[in-house]
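>>> heads up, no residue letters with this:
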């Protein structure tokens, strides 16, 4: 596998990732910024890839631990190597498995947070990327969101928090998937600029909550062709996204 070495968070984090497969970018950083973890929390990432979101979160919040579950063994190995290279291996572990049949080393009801950037393109509707590894990360059947959300529900503690990033057109499917077991659902649109419809949304929820749905104002990413102050804080300085 050919890889590149790329800097994140203004150079605070350096990751090796596939040259042509799934490559971390805005989605991974925004996902990490949206997880409101606190010291002592344990976080599960479903579909952790080369570890970008998990390691960005560990860089931002000290005193937490992250477990990444990844389908592709070569990406899980790359994430493990990235954690070690950034001196985060003491708080991160990456394991190979599927959301449908996770390994026994994952204990149900043991995580304070579950986060995911799931395969959101739909087989038979969307064209798959030409790269096989990238296709695995990006495309699945229409019921995949429901299965990924069910997996998160199994491994979260009571009142544990769920966070996902996905395209706006998959929001109805995600809300349906969260109907079983989750409440306090919050949606944060990510606007490319003030005049462009949101292409991505951050969805969060709390397991076992009965609190109502909240639609937040969201985040405008660019203004006059440059990152907004909040966007820059997240992308360069590991800031948190609170909507």
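Here it is on my side, so go on. All figures in this text were calculated on a predicted structure; none of them were measured in a lab.
>>> could you pull out the helices in this protein for me?
According to DSSP state H, the chain carries its helices in the segments 26-34, 52-60, 73-85, 132-138, 144-155, 171-177, 229-237.
>>> check whether residue 8 really touches residue 14, as I assumed.
Yes: Residue 8 is within contact range of residue 14, at 7.4 Å (criterion: C-beta atoms under 8 Å). (Each C-beta comes from the backbone N, C-alpha and C, glycine too.)
>>> between the helices of the chain, which has the poorest average model confidence?
In terms of mean pLDDT, the lowest-scoring of the helices of the chain is helix 132-138 (a mean of 68).
>>> any idea how many residues pack against residue 28?
27 (other C-beta atoms under 10 Å).
>>> I'd assumed residue 179 was in contact with residue 153.
No: assessed by C-beta under 8 Å, residue 153 is found out of contact with residue 179, at 11.2 Å.
>>> so these two - more neighbours on which side?
Taking other C-beta under 10 Å, residue 153 and residue 179 do not tie; residue 153 has more neighbours (21 against 11).
>>> which residues sit in contact with residue 15?
Neighbouring residues of residue 15 by C-beta atoms under 8 Å, 6 or more residues apart in numbering: 5-6, 8, 24, 50-52, 55, 82, 86.
>>> and of those, the nearest to residue 189?
Checking those against residue 189 by C-beta to C-beta gives residue 24 as the nearest, at 21.2 Å.
>>> contacts only, for the residue lying closest to the closest one once chain neighbours are set aside.
Closest residue to residue 24 in three dimensions, ignoring its sequence neighbours and counting by C-beta to C-beta, 6 or more residues apart in numbering: residue 52, at 3.3 Å. By C-beta under 8 Å, 6+ apart, the residues touching residue 52 are 8, 15, 17, 24, 28-29, 32.
>>> make it 10 Å
Contact analysis of residue 52 by C-beta atoms under 10 Å, 6 or more residues apart in numbering lists 6, 8, 13, 15, 17, 22-25, 27-29, 31-32, 45, 79, 82, 117.
>>> partner strands of the longest strand seen in the chain, parallel or antiparallel?
Counting by DSSP state E, the longest strand found in the chain is strand 156-167. The strands that strand 156-167 pairs with in its sheet are strand 111-116 (parallel), strand 200-207 (antiparallel) (by DSSP bridges).
>>> in it, what's buried?
In terms of neighbour count (16 or more other C-beta atoms under 10 Å), strand 156-167 has its buried residues at 156-157, 160-166.
>>> ok, those vs residue 229, which is closest?
The closest of the buried residues of strand 156-167 to residue 229 turns out to be residue 165 (C-beta to C-beta; 20.8 Å).
>>> from residue 145, how far out is that closest one?
12 Å (C-beta to C-beta, to the nearest Å).
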